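> When you get a sec, could you give me coordinates for this:
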Amino acid sequence: MTTTTLAVLVPLLPFLGAVAGLLLGRTVPGLVRPLAVLPTLVALVIAVLVAVRHGGGADIDSATELTPTGSVPIELALHIDGFAALVAVLVGVVASCVQIYSTGYLRDDPRYPSYAALVSLFTSAMLLVVYSGDLMVLLVGWEIMGICSYFLVGHYWETPEARAASLKAFLVTKLGDVPFLIGLFALAVDAGSFRITTVLATVAGEDLDHPTLIALLLLAGVAGKSAQFPLHTWLPDAMAGPTPVSALIHAATMVAAGVYFVARLLPVFAASSAALVVLAVMAAVTMAGSALAALAQDDIKRVLAYSTIGQLGYLTGALAVGDRGAAVFHLLSHGAFKALLFLGAGVIIHAAGTNSLAAMSRMKGLRDRVPDAFWTMTVALLALAAIPPFSGFFSKEAVLGAAEHAATGHSETAPTVAGWIVLIAGLLTALLTAAYATRLWLLAFNGQGPEAPDHGRQPITMTAVLWVLAVPSLAFGLTVGVLPDWFDGHSLTPTLTTSVLGTGLALVGGLVTYGAWRHTTALAVRHPMGAVAADTGADGGLVEAEAIASHAPAYGDVAQAHDPADPGRLLLGPLHRHAAVGFHLDAVYAALFVRPVQAAARLVRFLDREVVDTYVRGAGTAPRWLGAAVRRAQTGNVQTYLSALLAGTVVLAVAAVLVATAGA
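Okay, the predicted model is just below:
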């Protein structure tokens, strides 16, 4: 079987699994889990085979015209380079782990068949984006992911939080998709084709007429899909969905799509220095702001959500300095340890009965209740904090090294100012990342109160995947010497300067946070303020615990407001209350956009009801009144009719005489 045929099967198999799951899930319950897991696993195996056959060599291209358009053709095309081959493997690994994990996590959920089918469709759409060689076909996968995220984030649609979060995710990403679509059309018009290879050839020949306009339009869609400032606000709220969905969105689909798109079309963005500077500023604000917000969150999943936003800022920062190899390297590394963090958080949430870090900090022995989650999440948090020799150290240092390379004027494409912006923001974020990672670990696993509640053991399907993902989180950095052959050939080896600075700042962040935790814990012991009760649920079931944890924010609000042992509050000081609400960006959007739109809608409704409808009602009322008047004259009395006729005749005669007299 040819490599092209195998590549076609990679997105096709999860799609067929999704269709079969939707059609047969309710009628043949025994097929639900096999249809969820097996197609994705087989797609993973085939993606690995495609990557092995590619071997970091020549690109694989194949195309056939999808439909005649009369102008710019749309083709069903494949374009598999080293980036696509490895990202497809990442998507397959994370999606397979999520499907296996979900068989235990949602074992009692009555909507599991539709959930599993949507996850498969989500996976298929991302794989289509990864392998697609035509921008219009890529757009199909791009939009399908938006629809899937809407349904999956709103899985617990009975709760107002889930309904609001799913709608917000859909609308905010669509806000970016409108200019994104315009940018795609403008790019195709300039290049004369939607084929990625043709577009890149046009850029190489410097035949692109409007590079800055096109790049900025495309960046709007990327900011929405990859949750970059200022369109990042949907991602923390998306935690209302099931935890496995969060792992899938944050690690391998949806948010990764925007960064991957920029990496694939980086020459288009590099053709405009202004676009790269805008991208660098966007990355810097996203990195630093999200790290500060993560340090102030009480909900464990919201900490990880803001962490994802910040790590994506590293990726866009690497792209802003023209190094897509470093960006995709960190994308692969981050996908492994962030999926592990979210799936481990699901285990902790079930064990604690709450998602509040403040409540967990009062539960002694939680690490003994969930040893698998404790050890694997420790590995993942060390990778997140970029502590050597964990994978995050190598991938993050590749980004900082690329920024230093650009800042010192050695980049052929990136402006020096973009390099300095990314380097300074990246180092600051390294300090803050280690701080919030340490805080999460201390509060979740080092409780000082009574024994943690025992909700029973987690299914093996949940704990096994944690260890599977722990392997790349620990050892993926060892591929640093091999990956340049798969990418652009640029070295990804950490440089001495950024390694010392980045690791030193990370250690400082971790140690300062630990010292703050010891100080606040001692104060809490001397001045206890009472424990926050954790609702363990009716029967400790996974679905019930998830619903309590994800859709009862009162736990987090109460705990955060009265938790004296939170080092984040001490470290941030007066900035804490602003960082806890995402620096009020939602309130700003509400004031600038939501309330004016609502006011305009009320005005339109008033005009429609009180003005337009008044004319409509008047058009019907006047004939009705006239009819009523005429109806009163119809008495049925013949003498009345004759009298009226005689009176009318007399009036006409008098009128005729008057007219004749006036004429004479």
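
> Would you tell me what helix or strand Leu76 is located in?
Using DSSP states H and E, Leu76 sits within strand 74-80.

> Please disregard the earlier target; I meant Glu65.
Element membership for Glu65 (DSSP H and E) is strand 60-67.

> quick one on the thing from earlier: list the buried residues for the strand holding Leu76?
Within strand 74-80, the residues that count as buried by 16 or more other Cβ atoms under 10 Å are 74-80. Bear in mind the C-beta positions are built from the backbone N, C-alpha and C, glycine included.

> Check stretch 111-123 too.
Across stretch 111-123, burial judged by 16+ other Cβ under 10 Å covers 112-123.

> Adding distance to Ala18 and pLDDT, write those residues out as TSV.
Converted to TSV, the buried residues of stretch 111-123 look like this (distance: Cβ to Cβ, whole Å; pLDDT from 0 to 100):
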residue	distance to Ala18	pLDDT
Tyr112	14	93
Pro113	11	93
Ser114	10	93
Tyr115	11	95
Ala116	8	95
Ala117	5	95
Leu118	7	96
Val119	8	96
Ser120	4	96
Leu121	4	96
Phe122	9	96
Thr123	8	97
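
> From these, which land in strands?
Within the buried residues of stretch 111-123, no residue falls in strands by DSSP state E.

> Tabulate those (JSON lines), appending distance to Ile182.
JSON lines is the format used below for the buried residues of stretch 111-123 (distance: Cβ to Cβ, whole Å):
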{"residue": "Tyr112", "distance to Ile182": "39"}
{"residue": "Pro113", "distance to Ile182": "38"}
{"residue": "Ser114", "distance to Ile182": "34"}
{"residue": "Tyr115", "distance to Ile182": "34"}
{"residue": "Ala116", "distance to Ile182": "36"}
{"residue": "Ala117", "distance to Ile182": "32"}
{"residue": "Leu118", "distance to Ile182": "29"}
{"residue": "Val119", "distance to Ile182": "31"}
{"residue": "Ser120", "distance to Ile182": "31"}
{"residue": "Leu121", "distance to Ile182": "27"}
{"residue": "Phe122", "distance to Ile182": "26"}
{"residue": "Thr123", "distance to Ile182": "28"}
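
> Tell me the one of those residues nearest Leu343?
Nearest to Leu343 among the buried residues of stretch 111-123, counting by Cβ to Cβ, is Val119 at 13.4 Å.

> now Thr378: how far from Ala622?
80 Å (Cβ to Cβ, to the nearest Å).

> give me the low-pLDDT residue ranges for this protein?
Within the chain, the stretches with pLDDT under 70 are 455-456, 524-564, 664.

> Surely Ile349 touches Asn355?
Yes. Contact criterion Cβ atoms under 8 Å: Ile349 and Asn355 qualify, at 5.2 Å.

> Between the two, which is the more surrounded one?
The residue with more neighbours, out of Ile349 and Asn355, is Asn355; 30 against 24, by other Cβ atoms under 10 Å.

> So what does that one have for phi and psi?
Asn355 adopts backbone torsions of phi -100, psi 10, taken as degrees, to the nearest 10.

> which one of the buried residues of strand 74-80 sits closest to Val512?
Ile80 (45.5 Å).

> For that closest one, which non-adjacent residue is spatially closest?
In space, and not counting its chain neighbours, Ile80 is closest to Ile60: 4.1 Å by Cβ to Cβ, 6 or more residues apart in numbering.

> How about Asp134?
Leaving aside its chain neighbours, Asp134 sits nearest to Ala77 (4.3 Å; criterion: Cβ to Cβ, 6+ apart).

> for that neighbour, what are its contacts?
61-64, 132-134, 137, 195-196 (Cβ atoms under 8 Å, 6 or more residues apart in numbering).

> Tell me the spacing between Arg195 and His519.
Distance of Arg195 to His519, computed by Cβ to Cβ: 60 Å.

> Drop anything exposed from the contacts of Ala77.
Buried residues within the contacts of Ala77, defined by neighbour count using 16+ other Cβ under 10 Å: 62-63, 132-134, 137, 195-196.

> re earlier: what about the residue nearest to Ile80, distance to Ser193?
Separation of Ile60 from Ser193 (Cβ to Cβ): 19 Å.

> got it, and Trp517?
Trp517 sits 57 Å away from Ser193, going by Cβ to Cβ.

> Leu139 now?
The spacing between Leu139 and Ser193, counted by Cβ to Cβ, is 14 Å.

> ditto for Leu431
For Leu431, the distance to Ser193 (Cβ to Cβ) stands at 46 Å.

> Please apply the same query to Leu38.
Taking Cβ to Cβ, one finds Leu38 at 38 Å from Ser193.

> and what of Leu658?
Per Cβ to Cβ, Leu658 is found 86 Å from Ser193.

> Compare the two and say which is more crowded by neighbours.
For Leu658 and Ser193, the more surrounded residue by other Cβ under 10 Å is Ser193, and the numbers stand at 21 against 10.

> In contact with that one, which residues are there?
Applying Cβ under 8 Å, 6+ apart to Ser193 gives the contacts 72-73, 199.

> now swap in Leu12 and tell me
By Cβ under 8 Å, 6+ apart, Leu12 lies in contact with Ser124.

> residues contacting Glu65?
Counted by Cβ under 8 Å, 6+ apart, Glu65 has contacts 73-76.

> let's go with 6 Å and repeat that
Taking Cβ atoms under 6 Å, 6 or more residues apart in numbering, we find Glu65 in contact with 73, 75.
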